[in-house]
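Asker: Pasting a predicted model and its sequence here:
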Amino acid sequence: MLTATGVELRAGARLLLENATFRVAPGDRVGLVGRNGAGKTTLARVLAGEGLPAAGAVENRGSVGYLPQDPRTGDLDVLARDRVLSGRGLDVVMADLRAAESAMADGDSKALARYSAVQERLHVLGGYAAEAEAASVAASLGLPDRVLGQPLRTLSGGQRRRVELSRILFSGADTLLLDEPTNHLDADSITWLRGYMAQHKGGLIVISHDVELLDAAVNKVWYLDANRSVVDMYNMGWKTYLEARETDERRRRRERANAEKKAGALMAQADKMRAKATKAVAAQNMTRRAEKLLGG
């Protein structure tokens, strides 16, 4: 579904990620984690096609539903219900249906044919059952029918974000990219979302600080390491990942201590050799070896 090859990310001159290659297949539910500023949101934007990598390529073979932290909803005069329905193109169909009904009421002789054609389009997209499904998703995220009947401009920022999340989940996209999806959700909505994500059959990448959500929903964890500019990939659930990550960190600390000890000895020997002109080249080579050890 989604494949990244040799991806490099930068924030100005700072390297965030180097030569990363991975894929997200159906059934992969990935928790993307890392410290603040590591580049998680930048990576999500690039995978969604809303940004370009500094190097490498991203290929999406299916549809992508992307929820950024600050979603842009476009026309704020649109009804919240129509915004959710737009996830499957149903907003246009419903508007055409209303227009055809109005034309028939005005006695337009061609309106009946248009109405029949629109009804067929509606049937192909799931009919009125799909509209009920959209309302159900929205209600589960704390958006009752009363709110769905309001223009977006009358809603709070949190409500508009829930509208966007509803639209994306309703869309049936092959791959979901969700950046902090529990923001502005109440406890009941978060519980429902956990269950929805745990049952999701397509690809999923979620950025979240909600460890209960990660524990309930993901079957893989990708750790974006800001110090090494790599993604460490763990094909396991959240709790098992925490244990594996701690083991890896202890191993890296031991390796770092050993490298620093060896590099220190090499630098000390190089300093002694620099005093002799005949050994200047050897001293320089020792310094390079020490720098290589520390760089690794």
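Answerer: Looks like it arrived, so ask away.
Asker: Quick test: name the residue nearest the centre of the chain.
Answerer: Within the chain, one residue has its C-alpha closest to the average C-alpha position: by C-alpha atoms, centre = their mean, that is Leu177, at 3.1 Å.
Asker: My guess is it contacts Ser63. True?
Answerer: No - under the contact definition of C-beta atoms under 8 Å, Leu177 does not touch Ser63, with a separation of 11.3 Å. Heads up, the C-betas are built off the backbone N, CA and C, glycines and all.
Asker: which stretches of the stretch 1-150 of the chain have low pLDDT?
Answerer: Screening the stretch 1-150 of the chain residue by residue with the criterion pLDDT under 70, one finds the ranges 73, 93, 96-97, 100, 115, 118-119, 122-125, 127.
Asker: 80 instead?
Answerer: Filtered on pLDDT under 80, the stretch 1-150 of the chain yields the residue ranges 71-74, 89-128.
Asker: Helices of that one, start to end?
Answerer: In the stretch 1-150 of the chain, the segments counted as helices under DSSP state H, counting those that start in this stretch are 40-47, 80-85, 90-105, 111-124, 127-140, 145-148.
Asker: between the third one and helix 127-140, how big is the angle?
Answerer: For helix 90-105 against helix 127-140, the angle between stretch directions is 130 degrees (axes from the mean of the first three to the mean of the last three C-alpha atoms, to 10 degrees).
Asker: Which neighbouring elements make contact with helix 90-105?
Answerer: Contact analysis of helix 90-105 by 3 or more C-beta pairs under 8 Å, 6 or more residues apart in numbering; DSSP states H and E lists helix 80-85, helix 111-124, helix 127-140 as its packing neighbours.
Asker: same deal with the first one?
Answerer: Secondary structure elements in contact with helix 40-47, counted by 3+ C-beta pairs under 8 Å, 6+ apart, are strand 2-11, strand 14-24, strand 29-33, strand 55-60, strand 64-67, strand 175-179, strand 203-207.
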